[in-house]
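S.K.: pasting the sequence and the predicted coordinates here, then a few questions.
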Amino acid sequence: MDVVQLQKQLADYTRSLFNEGYLDDQFNQLQQLQDESNPEFVAEVVSLFFQDSQRLVNELAKDLEQQSVDFKKVDAHVHQLKGSSSSIGAQRVQKACISFRNYCDEQNIEGCLKCLQQLKNEYSLVKNKLETLFKLEQQLLEAGG
Amino acid sequence: MGLATESQFHVLAVDDSIIDRKLIERLLKTSSYQVTTVDSGSKALEFLGLNEDKHRDPNQLSFSPNNHHQEVEVNLIITDYCMPGMTGYDLLKKVKESSSLRNIPVVIMSSENVPSRINRCLEEGAEEFFLKPVRLCDVNKLKPHMMKAKCKENQENQENPEEDVQPQPQQQSNNNKRKAMEEGLSPDRTRPRFGGGLTVASN
């Protein structure tokens, strides 16, 4: 593929991520902070997000397996995930966190378990999407774009 | 780069989230500030020389003093509100209670828009309250606070030339302790760092 085609593909793909609500404007903000002195900034922050989210999802699964669930602890973990997802603009993960916290307030285990599943789904979706995005960027770079 | 370090403002950023530390660091550096990040309120106090903690890392603080009460001049503290252990609010209070630190402007960041929380912080002396995620337009509001603090500091130095003159150049820590006692604070709370060697660790 030539550079022009790749550029179009990247632009279309990026637009689709915003249109489908995977990303919000905060992701643009991150991209604006990346420059020649920090060419890897977005990738670095996003990879920190992946590590942190994976850890928190595992913690949440553990929290909810307990015989008597500590909802304060659950809420604290969801709060962290909500913060980091909003910091990178992973909008659908953030929204999943908001409904999760509501079930925490109600101390509703069923609801929490449902939300954990939803959170996992949204997390792996946005992870795949972002990885594809970075791959396209890499291809474009290699093609000399 | 081209900037002399003296002309650069130094911001201490406090956040328990590594992602947010990365983000705020980049935002501040983009604005040409010198940045130090720490992951907790107690580490922030340690960096500022208000040491209550047993843990210390002398290497981290071996910068040269900058004509100021602390060893490293900090022009502004920007801190997350919600952190395990010491919250951003607790940190704000400690800074404002300290005779040597109270002139440093403090800005609080939080992901939650809770008006009572915001008011509490502003009443306690925070200059600004930023909702997270923090953006460049927020960071642009920091400079006036640092300029104002700098002016105030210069004025105070002119009005009270005695205050900062050290009879014995190596005894700056005593001066701080003296001031702290005059204001009825425990000297332990304002114990400044001094090259690691001169400070007495508690416990």
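M.R.: Received it, and whenever you're ready, just let me know what you need. Treat the numbers as computed from the prediction; the structure is a model and nothing was measured.

S.K.: so B:Ile108 sits in a strand?
M.R.: Yes: using DSSP: H, G, I helix; E, B strand; the rest coil, the assignment for B:Ile108 is a strand.

S.K.: for it, report the pLDDT, please.
M.R.: Per-residue pLDDT puts B:Ile108 at 98.

S.K.: in chain B, which segments are predicted with low confidence?
M.R.: Low-confidence segments of chain B (pLDDT under 70): B:1-7, B:51-71, B:160-203.

S.K.: ugh, wrong one, I meant chain A
M.R.: Checking chain A against pLDDT under 70 turns up A:1.

S.K.: helices along that one, start to end?
M.R.: A:3-19, A:25-32, A:41-65, A:71-88, A:91-106, A:109-142 (DSSP state H).

S.K.: B:Asn75 contacts B:Leu28, correct?
M.R.: No: contact criterion C-beta atoms under 8 Å: B:Asn75 and B:Leu28 do not qualify, at 11.1 Å. In short, each C-beta sits where N, CA and C put it, glycine included.

S.K.: what do those two both touch?
M.R.: Residues touching both B:Asn75 and B:Leu28 (C-beta atoms under 8 Å, 6 or more residues apart in numbering or on different chains) are B:Val11.

S.K.: tell me which of the helices of chain A is the most buried.
M.R.: helix A:71-88 (a mean of 21; mean count of other C-beta atoms under 10 Å in any protein chain shown).

S.K.: quick check: angle from it to strand B:106-110?
M.R.: Between the axes of helix A:71-88 and strand B:106-110, defined by axes from the mean of the first three to the mean of the last three C-alpha atoms, to 10 degrees, the angle is 100 degrees.

S.K.: from B:Met146, how far off is B:Lys152?
M.R.: In this view, B:Lys152 and B:Met146 are 11 Å apart by C-beta to C-beta, to the nearest Å.

S.K.: more neighbours: which of the two?
M.R.: B:Met146 (18 against 12; other C-beta atoms under 10 Å in any protein chain shown).

S.K.: so that one sits against B:Pro105, correct?
M.R.: Yes: between B:Met146 and B:Pro105 there is a contact at 6.5 Å, judged by C-beta under 8 Å.

S.K.: who touches both of the two?
M.R.: Residues touching both B:Met146 and B:Pro105 (C-beta under 8 Å, 6+ apart) are B:Asn75, B:Leu76.

S.K.: contact partners for the closest residue to B:Asp15 other than its chain neighbours?
M.R.: Distance criterion C-beta to C-beta, 6 or more residues apart in numbering or on different chains; nearest residue to B:Asp15, sequence neighbours excluded, is B:Asp80 at 4.2 Å. Neighbouring residues of B:Asp80 by C-beta under 8 Å, 6+ apart: B:Val14, B:Asp15, B:Asp16, B:Ser17, B:Asp20, B:Gly88, B:Ile108, B:Met109, B:Ser110, B:Lys132.

S.K.: which ones among those residues map onto helices?
M.R.: Judged by DSSP H, the contacts of B:Asp80 include B:Asp20, B:Gly88 as members of helices.

S.K.: could the contacts of B:Asp80 go into JSON lines alongside distance to A:Asn19?
M.R.: Below are these laid out as JSON lines (distance: C-beta to C-beta, whole Å):
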{"residue": "B:Val14", "distance to A:Asn19": "37"}
{"residue": "B:Asp15", "distance to A:Asn19": "31"}
{"residue": "B:Asp16", "distance to A:Asn19": "34"}
{"residue": "B:Ser17", "distance to A:Asn19": "28"}
{"residue": "B:Asp20", "distance to A:Asn19": "27"}
{"residue": "B:Gly88", "distance to A:Asn19": "36"}
{"residue": "B:Ile108", "distance to A:Asn19": "35"}
{"residue": "B:Met109", "distance to A:Asn19": "30"}
{"residue": "B:Ser110", "distance to A:Asn19": "30"}
{"residue": "B:Lys132", "distance to A:Asn19": "25"}
